[in-house]
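Peer 1: build me a model:
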Amino acid sequence: MATFLLEVGTEDLPASFVGDALTQWKAKIPAALEEQLLSPDSIEIYGTPRRLALVLNGIPAHQPDREEEAKGPSVQAAFKDGKPTKAAEGFARSRGVSVEDFEIRDTKKGEFIFVTQKIAGRAATDILTELIPQWILGLEGKRFMRWGDGDLRFPRPVRWLVTLMDDQVLPITLANGSEVCVSDRISQGHRVLHPEPLTLKHATDYVEAMKSIYVDVDPAERRRKIVAQVATAAQSIQGEAIVNPDLLDEVINLVEWPTAVVGKYDEEFLELPSEVVITEMESHQRYFPLKSGDRLLPNFITISNGDPAKADIIAEGNARVIRARLSDGMFFFNADRTQPLADCLPKLEMVTFEERLGSMRQKVDRIVGVAGAIATQLNLDSTQTDLVNRAALLCKADLVTQMVGEFPELQGIMGEKYARQSQEPEPVAIAISEHYLPKGAGDSLPQSLTGQVVGLADRLDTLVSIFSLGMKPTGSSDPFALRRAANAVVSIIWAASLDLNLTALLQDITTTFAAGRDGVNASELQQDLESFFEQRVRTLLQDDEAAGEAIDYDLINAVVGEDDPDYRARVLSNLLDARDRARFLQEIRTNGTLATVYETVNRASKLAVKGDLDTTSLDPAGIVDADLFQSPAETAFHASLQKLVPQTQAAQAERNYQKLIDGLKKAAPVVAEFFDGDNSVMVMDEDAAVRQNRLNLLGLLRNHARVLADFGAIVKG
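Peer 2: Sure thing, here's the model as predicted:
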């Protein structure tokens, strides 16, 4: 067993690529080694801005010897008149054996030729020589570059390679045109603290040897150091650091030897909204802001990759930069406040939403229209409707402010502040910020009704307008984040319990949108959107965290339907009901109640399709003729259906499906008697009238069950 080290040295890599590259290696390298029968005892993967590294501990020197069996042609095809045919000779050549090595075996398809070969294991060094270039050049990411006069692509130029099998260099060459990078045992230290190279003696020395030249190759260790240093630095000025997890992930891969440095800026900048100061620090400078209670402090923490002895100089240099940036922010903030937010609306004419869809001002007009349609469905009073319309009108106004022009991530946030400055109603100001929520998976949702309505209107307009161009998401391509938009629509409706008919809403929006637009078919557009929303509902139900457990795929099919337009229409017309039914099904499957009615309902449903009863009727009156009954079982079945009608209707009205299940449980033994009891009947009676009457009984039971779900889609057990 040996230890193998690979280090790929580069110019400074993008921080995001370092993390992605390590994730890819952690997935690909163990699988590649296992495929080659060279699985080591452990694999350590490291990365810094200037290097990606791999240590294989306890890797075998050779693959194990093994036997490999190959099946050849049939005996009939391999031999003719006792002599080998061309098929036999070709098979022998392909396996590197002679005809005398053939073994004849009986199989289900007759006698066939087999060959068993002993294959000697290859040396690990030979295999690694082939795999390493694939591991390096097989990495995927954004913005790869070429350098020199070669075609090799990587995020940054590769400058050195270290490949050690214990204490021996494994020769690897990466050719890039006229540049050739040949592996060695020489690594590079920290640019500032140890600019001299280091000769590595043994693969097992790697991590500690690198620390001696001020390079901590382990991202997890750098994380621990940064978190501890930031906490200590914050305490030194009686503050608390605001540690954004995404920023922490980035900073870890920006430094090789982290040092927390506290800096200071002028207190006058605290007059800026805290979001501006924090965004400037985090997004532009990669600083950790500091606070005391709810108040920002005029300090920051930067993670330096320089000389700790020069922390004061580093702090002052960073302070000069942040002061300049915040001065710009102060100028933008003051300039924006010289006019009411509403005065920005004409400037939206100059901002293009999408070339074929017009300006952002035109989009705002559409948002106002959609918001009005939602307000009508929700029966909002005139005061609330006025707030919705005003918030919809102003929701994008801050896009043309100087502050948002400099800091796009502050869209909505600055709109809220400028709306207050402009004496807009508080619900309008809040809605301008909230309508962007959620910004991603796991993000908070809008809490105000005005924010919820405007957020829905914005996303529905985007979905309708982009779909009208035929730009539906395909595979991983979703440049307008339409999946996220549809997910947000459903999530907001569910979280806020908004009683909205999405089908009717889409019909209203698509009809209005298509009017006067050549080539846009409102009906086809609506159908496409309904199918799209159906898939989003399925996806969200599969990951329904609020339900406490994932909802099984077959139960989702039972609620949303499998190629059943009636179910899809019901889901989209009442998303709250669809969610409640799916959660309820999962609950009664878990507690065992579903099993008590499943067999009865499923058996009835399968037979009911042989009749012609519609799928919506519930009341046996006028559908079942008691004069045609020939058995007490039919009478009892009929009576149980009559009792079930009010329970099912109550379940529908109250969305309390336990009432329906309780009714089905009481009906189950009666239906079982109808099928298999002493008074059981033959459903498919020779008399057409009797047969149809019995099928109607079964059809009515199926229809009651369909109020909850399509039991035919539920998988038993």
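Peer 1: number of residues surrounding Thr462?
Peer 2: By the measure other C-beta atoms under 10 Å, the count of residues near Thr462 is 21. For the C-beta atoms, the positions are set from N, CA and C on the backbone; glycine is no exception.
Peer 1: which element is it on?
Peer 2: Assigned by DSSP states H and E, Thr462 belongs to helix 449-468.
Peer 1: who's in contact with the helix or strand just after that helix?
Peer 2: Scanning forward in sequence from helix 449-468 by DSSP H and E, the next helix or strand is helix 482-496. Helix 482-496 has contacts (C-beta atoms under 8 Å, 6 or more residues apart in numbering) with 438, 440-441, 445-446, 449, 452, 455-456, 459-460, 462-463, 466-467, 472-473, 478, 498, 500, 502, 532-533, 536-537, 539-540, 546, 575-576, 579.
Peer 1: likewise stretch 75-92?
Peer 2: With C-beta under 8 Å, 6+ apart as the test, stretch 75-92 has contacts from 72-73, 98-99, 101-102, 104, 110-113, 115.
Peer 1: quick one: low-confidence ranges for the stretch 601-717 of the chain?
Peer 2: Along the stretch 601-717 of the chain, segments meeting pLDDT under 70 span 717.
Peer 1: distance from the helix holding Thr462 to the middle of the chain?
Peer 2: With C-alpha atoms, centre = their mean, to the nearest Å as the basis, helix 449-468 stands 21 Å off its chain's centre.
Peer 1: so which of the contacts of stretch 75-92 is the most crowded?
Peer 2: Within these, neighbour counts (other C-beta under 10 Å) peak at Ile113, which reaches 24 neighbours.
Peer 1: which stretches of the stretch 1-150 of the chain form helices?
Peer 2: 15-35, 75-78, 86-95, 124-137 (DSSP state H, counting those that start in this stretch).
Peer 1: in what helix or strand does Ala419 lie?
Peer 2: In the assignment (DSSP H and E), Ala419 maps to helix 413-421.
Peer 1: now that helix, how far from the centre of its chain.
Peer 2: Taking C-alpha atoms, centre = their mean, the mean C-alpha location of helix 413-421 is offset from the chain mean by 32 Å.
Peer 1: not counting its neighbours along the chain, what's nearest Ser359?
Peer 2: Of all residues not flanking Ser359 in the chain, Glu349 sits nearest, at 5.0 Å (C-beta to C-beta, 6 or more residues apart in numbering).
Peer 1: let me redo that: Ala550
Peer 2: Distances taken as C-beta to C-beta, 6+ apart place Gln542 nearest to Ala550, at 6.1 Å, with adjacent residues excluded.
Peer 1: Ala260 is in contact with Ile226, correct?
Peer 2: Yes: using C-beta atoms under 8 Å, Ile226 is in contact with Ala260, at 7.0 Å.
Peer 1: overlap of the contact sets of those two?
Peer 2: Ile303.
Peer 1: helix, strand or coil for Leu174?
Peer 2: For Leu174, the reduced secondary structure class is strand; criterion used: DSSP: H, G, I helix; E, B strand; the rest coil.
Peer 1: residues touching it, list them.
Peer 2: 133, 136, 152, 158, 161, 180-181.
Peer 1: check Gly96 too.
Peer 2: By C-beta under 8 Å, 6+ apart, Gly96 lies in contact with Gln117.
Peer 1: please shift the residue numbers so they start at 5 in all later answers.
Peer 2: Sure, I'll start numbering at 5, so the last one becomes Gly100.
Peer 1: state the pLDDT value of it.
Peer 2: Gly100 carries a pLDDT value of 79.
Peer 1: please apply the same query to Ile131.
Peer 2: Per-residue confidence for Ile131 comes out at a pLDDT of 92.
Peer 1: for it, which non-adjacent residue is spatially closest?
Peer 2: Leaving aside its sequence neighbours, Ile131 sits nearest to Gln40 (C-beta to C-beta, 6+ apart; 5.3 Å).
Peer 1: and Gly362, by the same measure?
Peer 2: Spatial nearest neighbour of Gly362, chain neighbours left out: Thr356 (7.7 Å); criterion: C-beta to C-beta, 6+ apart.
Peer 1: so Met475 makes contact with Phe484?
Peer 2: Yes: using C-beta under 8 Å, Met475 is in contact with Phe484, at 6.8 Å.
Peer 1: measure Asp581 to Phe588 for me?
Peer 2: Separation of Asp581 from Phe588 (C-beta to C-beta, to the nearest Å): 10 Å.
Peer 1: which one of these two has more residues nearby?
Peer 2: A side-by-side neighbour count of Asp581 and Phe588, using other C-beta under 10 Å, places Phe588 first with 24 against 16.
Peer 1: measure the more buried one to Ala655 for me?
Peer 2: Where Ala655 is concerned, Phe588 sits at a distance of 10 Å (C-beta to C-beta).
Peer 1: who touches both of these two?
Peer 2: Common neighbours of Phe588 and Ala655 (C-beta under 8 Å, 6+ apart) are 661-662, 712.
Peer 1: buried subset of the residues you listed?
Peer 2: For the shared contacts of Phe588 and Ala655, a burial check counting by 16 or more other C-beta atoms under 10 Å picks out 661, 712.
Peer 1: pipe the shared contacts of Phe588 and Ala655 into CSV and attach distance to Leu382 and secondary structure per row.
Peer 2: Below are those laid out as CSV (distance: C-beta to C-beta, whole Å; DSSP: H, G, I helix; E, B strand; the rest coil):
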residue, distance to Leu382, secondary structure
Tyr661, 25, coil
Gln662, 28, helix
Leu712, 26, coil
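Peer 1: among the shared contacts of Phe588 and Ala655, which one lies nearest to Ala573?
Peer 2: Ranked by distance to Ala573 (C-beta to C-beta), the shared contacts of Phe588 and Ala655 are led by Leu712 at 16.3 Å.
Peer 1: so who does the most centrally placed residue in the chain touch?
Peer 2: Residue closest to the mean C-alpha point of the chain, counted by C-alpha atoms, centre = their mean, is Ala445 at 7.3 Å. Ala445 makes contact with 488, 491 under the criterion C-beta under 8 Å, 6+ apart.
Peer 1: off-centre distance for the one helix or strand Ala328 maps to?
Peer 2: In this structure, Ala328 sits in helix 315-340 according to DSSP H and E. Averaged C-alpha coordinates place helix 315-340 at 37 Å from its chain's average position (C-alpha atoms, centre = their mean).
Peer 1: and that helix with helix 417-425, angle?
Peer 2: Calculated by axes from the mean of the first three to the mean of the last three C-alpha atoms, to 10 degrees, helix 315-340 forms an angle of 50 degrees with helix 417-425.
Peer 1: show me what helix 315-340 is packed against.
Peer 2: Applying 3 or more C-beta pairs under 8 Å, 6 or more residues apart in numbering; DSSP states H and E, one finds that helix 315-340 contacts strand 263-268, helix 278-283, strand 299-308, helix 406-410.
Peer 1: related to what we said a few turns ago, using TSV, lay out the contacts of Leu178 together with pLDDT and distance to Gly565.
Peer 2: Shown next, in TSV, are the contacts of Leu178 (pLDDT from 0 to 100; distance: C-beta to C-beta, whole Å):
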residue	pLDDT	distance to Gly565
Pro137	95	51
Ile140	95	49
Leu156	92	52
Val162	95	54
Leu165	97	57
Val184	92	62
Cys185	93	59
